[in-house]
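Student: model the following, please.
(one chain, ligands or ions: 2)
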Amino acid sequence: MAAGPAAPRVLNVNVGVLGHIDSGKTALARALSTTGSTAAFDRAPQSRARGITLDLGFSCLRTALPPQLGPGPGELQFTLVDCPGHASLIRTIIGGAQIIDLMMLVIDVTKGMQTQSAECLVIGQIACQKMVVVLNKIDLLPEGKRQSAIEKMTKKMQKTLENTKFCGCPVVAVAAKPGGPEAPESENPLGVSELIEVLKSQAYLPSRDPSGNFLMAVDHCFSIKGQGTVMTGTVLSGSVSLGDNVEIPALKVTKKVKSMQMFHTPVTYAMQGDRVGICVTQFDPKLLERGLICTPESLHTIHAAIISLKKIQYFRGALQTKAKFHITVGHETVMGRVMFFSPAPADFNKEIQEKVFDFEKDYLYQEEYLSKDSNSSEENKENDQSEVQLPRQQWALLEFEKPVTCPKLCLVIGSKLDTDIHANTCRLAFHGVLLQGMEDKNYMETFLPKLKVYKLKHKEGQVERVMDDYSVIGRSLFKKETNIQIFVGLKVKLSTGEDGIIDGGFGQSGKFKIRIPGLLYKGSPGEDEYRQT
Ligand SMILES: Nc1nc2c(ncn2[C@@H]2O[C@H](COP(=O)(O)OP(=O)(O)OP(=O)(O)O)[C@@H](O)[C@H]2O)c(=O)[nH]1
Ligand SMILES: [Mg+2]
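Tutor: Ligands and ions are numbered 1, 2, ... in the order given. Below you'll find the predicted structure:
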């Protein structure tokens with residue numbers, strides 16, 4: 001059997017181009033792919049050959065393999081994912097960010113961090129491993145002061161990143177389109193070759209996992225005469241082989257994979273992280289422009305979900321139960337209502353359960369997500385000198401206005417997209433992982449009863465009298481016949497601020513003794529109110 005020429009080794013790294021509106025993302029993607037591909041064409045003239053067409057927003061540049069990805073011959077392909085900067089940003093970016101290995105945060109050097117730059121940074125923190133900051137439009141800086149202005153902005157950016165996981169990441173100054181839109185095409189970009197070197201130095205072999213269900217984000221779909229319909233995109237999880245059945249869940253159809261191409265070369269297999277074109281037959285490309293394809297029946301369509309979540313620290317204001325959010329679940333965004341809940345206080349320090357939800361446990365209903373700045377309870381306000389105890393993990397029940405189709409354990413992001421986009425605030429409110437989806441439309445009857453979320457009860461009584469500096473006698477909390485023994489150890493709070501603990505019954509009429517470990521305040525009035533929680 002004659003062996004064909006050995007296919008060149010091509011490694012693909014997905015680079016997201018994110019940033020505020022008009023910072024020059026598209027100009028940068030264009031400058032990079034032109035500069036990059038000129039070099040690539042010299043080495044690989046066959047890459048000019050017509051093959052997989054990349055959709056707008058997707059372009060690529062090829063370079064030699066950097067040493068950390070060597071040894072041996074081969075090429076590195078950067079697939080540039082140019083994200084929009086406008087309000088539609090969040091849905092599109094969250095989809096895009098889930099395939100990104102390396103993020104370029106584009107900053108207009110004359111403006112610095114802007115609202116959506118900050119939002120992109122937040123998304124990067126949630127979804128990406130590595131980042132390069134690109135200061136664009138340096139041609140707009142007066143030449144004499146250019147260097148010092150770049151240095152100043154570089155320092156500022158490094159300061160901004162100090163408390164993020166991108167602390168110390170490279171900052172590169174460029175002009176992707178010197179002179180702006182009116183400048184002739186012949187005007188060469190500044191700093192782009194240096195940026196390519198930095199991208200090469202930052203490139204890493206992302207860990208790719210072929211196991212699990214196949215899921216692919218399709219970004220382009222077109223037909224080839226005599227062949228069939230090609231869907232191009234990035235494999236998000238699992239793997240796919242020639243002859244496999246794949247489902248297009250949005251259309252509820254299943255098709256057989258007839259042929260596949262990667263880097264213009266026929267392949268029989270593709271896995272997580274690969275950019276691939278999949279050819280199927282008898283499928284009208286007009287039906288799908290963007291969307292997901294997957295292992296048949298691997299996605300579920302859900303009406304409600306339980307997620308484990310974290311508040312996004314830049315989001316101003318509280319996350320309140322019953323509030324509505326735009327909720328991006330995997331690759332779809334819908335409106336939904338939330339209910340927050342926490343572990344029972346005894347479980348506040350329990351290990352975080354990342355992938356499962358324990359239905360056996362009891363949970364505590366919360367009016368709002370508990371955070372350092374949440375000040376919902378009167379007690380916290382009065383007692384702000386004492387550290388507020390926060391649980392290590394919190395959850396939310398999400399109820400969607402219409403069902404969403406998503407993979408299990410997918411990323412969830414809640415945002416307030418209706419916030420005025422000109423208001424200088426972060427619209428992203430929380431992020432989390434989907435632990436349990438509810439496919440049953442009647443989940444309220446069939447499913448919710450299994451979820452044991454309780455409201456904390458408060459009850460008020462009076463102080464009868466003070467025994468000594470460390471104890472008082474209380475009344476009007478229990479009935480005469482109540483077994484006070486089961487309440488021993490529960491906390492009470494005096495209206496004068498002291499914390500106490502129920503120590504046991506006192507006499508026969510439902511009175512009880514309260515121990516005040518921290519000493520009673522002097523001169524406290526006899527008729528005190530307190531609460532038992
Ligand atoms: N002077 C100057 N203008 C630039 C540079 N890069 C981009 N521009 C101009 O800035 C404007 C916005 O550039 P785009 O590349 O469309 O910006 P974008 O970030 O993709 O914008 P959105 O996709 O709408 O968020 C255009 O008019 C560009 O010509 C640069 O390096 N210097
Ligand atoms: Mg653009």
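
Student: got a list of what Pro403 touches?
Tutor: 301-303, 441 (CB atoms under 8 Å, 6 or more residues apart in numbering). All C-beta atoms are positioned from the backbone trio N, CA, C, and that covers glycine.

Student: again, but for Leu288
Tutor: Contacts of Leu288 by CB under 8 Å, 6+ apart are 218, 221, 231, 248, 250-251.

Student: try Gly500
Tutor: 472, 491-494, 514-517, 530 are the contacts of Gly500 under CB under 8 Å, 6+ apart.

Student: in three-state terms, label Ile93 for me.
Tutor: The local conformation at Ile93, judged by DSSP: H, G, I helix; E, B strand; the rest coil, is helix.

Student: same question for Leu195.
Tutor: helix.

Student: could you find the closest non-adjacent residue to it?
Tutor: Leaving aside its sequence neighbours, Leu195 sits nearest to Val172 (CB to CB, 6 or more residues apart in numbering; 4.8 Å).

Student: tally of neighbours for Asp244?
Tutor: 16 (other CB atoms under 10 Å).

Student: which non-adjacent residue is nearest it?
Tutor: In space, Asp244 is closest to Val257, 5.0 Å off (CB to CB, 6+ apart).

Student: ok so, going back, show the buried residues in the contacts of Gly500.
Tutor: Buried members of the contacts of Gly500, counted by 16 or more other CB atoms under 10 Å: 472, 492-494, 514, 516, 530.

Student: ok, Cys294 to ligand 1 distance?
Tutor: 29 Å (CB to the nearest ligand atom, to the nearest Å).

Student: wait, that residue touches Val218, no?
Tutor: No. Cys294 is beyond contact range of Val218, at 10.4 Å (criterion: CB atoms under 8 Å).

Student: coming back round to it: among the contacts of Pro403, name the ones in strands.
Tutor: Among these, the residues falling in strands (DSSP state E) are 301-303.

Student: okay if I get these as TSV plus pLDDT, distance to Leu69 and neighbour count?
Tutor: Below are the ones in strands among the contacts of Pro403 laid out as TSV (pLDDT from 0 to 100; distance: CB to CB, whole Å; neighbours: other CB atoms under 10 Å):
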residue	pLDDT	distance to Leu69	neighbour count
Thr301	92	40	12
Ile302	96	39	22
His303	97	45	21
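
Student: dump those residues to a markdown table, plus distance to ligand 1.
Tutor: Output for the ones in strands among the contacts of Pro403, formatted as a markdown table (distance: CB to the nearest ligand atom, whole Å):
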| residue | distance to ligand 1 |
| --- | --- |
| Thr301 | 32 |
| Ile302 | 32 |
| His303 | 34 |
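
Student: closest one to Ile93 out of those residues, please.
Tutor: Ile302 (22.7 Å; CB to CB).

Student: list the contacts for the closest one?
Tutor: 329, 400, 403-406, 437-439.

Student: just these now: which is nearest ligand 1?
Tutor: In terms of CB to the nearest ligand atom, no member of those lies closer to ligand 1 than Val329, at 24.7 Å.

Student: wait, doesn't that closest one sit right on Cys406?
Tutor: Yes. With contacts counted by CB under 8 Å, Val329 reaches Cys406, the gap being 4.7 Å.

Student: what about the closest residue to ligand 2 within the chain, how many neighbours?
Tutor: Closest to ligand 2 within the chain is Thr26: 3.3 Å, counting by CB to the ion. Thr26 is flanked by 21 other residues according to other CB under 10 Å.

Student: that one: which element?
Tutor: Using DSSP states H and E, Thr26 maps to helix 25-43.

Student: same question for that helix, mean pLDDT?
Tutor: For helix 25-43, mean pLDDT rounds to 66.

Student: helices along the stretch 1-150 of the chain, start to end?
Tutor: Listed in chain order, the helices found in the stretch 1-150 of the chain under DSSP state H, counting those that start in this stretch are 25-43, 89-97, 115-127, 146-161.

Student: do the same with the stretch 351-500 of the chain
Tutor: Going by DSSP H, counting those that start in this stretch, the stretch 351-500 of the chain shows helices at 378-382, 443-446.

Student: comparing these by mean pLDDT, which bottoms out?
Tutor: helix 378-382 has the lowest average pLDDT among the helices of the stretch 351-500 of the chain, namely a mean of 46.

Student: what about the stretch 301-450 of the chain, any weak spots by pLDDT?
Tutor: 374-388, 421 (pLDDT under 70).

Student: if you could redo that for the stretch 51-200 of the chain, that was the one I meant.
Tutor: 51-57, 86-90.

Student: go with 90
Tutor: 51-65, 67-77, 79-100, 115-116, 127, 181-187 (pLDDT under 90).

Student: enumerate the residues of it near ligand 1.
Tutor: Residues of the stretch 51-200 of the chain lying close to ligand 1 (CB under 6 Å from any ligand atom) are 84-86, 136-137, 139-140, 175-181.

Student: what's around the closest residue to ligand 1 within the chain, how many residues?
Tutor: Relative to ligand 1, the nearest point of the chain is Gly85 (2.3 Å; CB to the nearest ligand atom). Neighbourhood size, Gly85 [other CB under 10 Å]: 24.

Student: and if you look at Ile126?
Tutor: That count, for Ile126 with other CB under 10 Å as the rule, works out to 17.

Student: now do Leu417
Tutor: The burial count for Leu417: 17, using other CB under 10 Å.

Student: quick check: closest non-adjacent residue to it.
Tutor: Here the residue nearest Leu417, using CB to CB, 6+ apart, is His326, at 4.5 Å.

Student: quick one: that neighbour from Pro181, how far?
Tutor: His326 sits 33 Å away from Pro181, going by CB to CB, to the nearest Å.

Student: Arg515 too?
Tutor: 75 Å.

Student: before we move on, what about Gly24?
Tutor: Going from Gly24 to Pro181 by CB to CB gives 11 Å.
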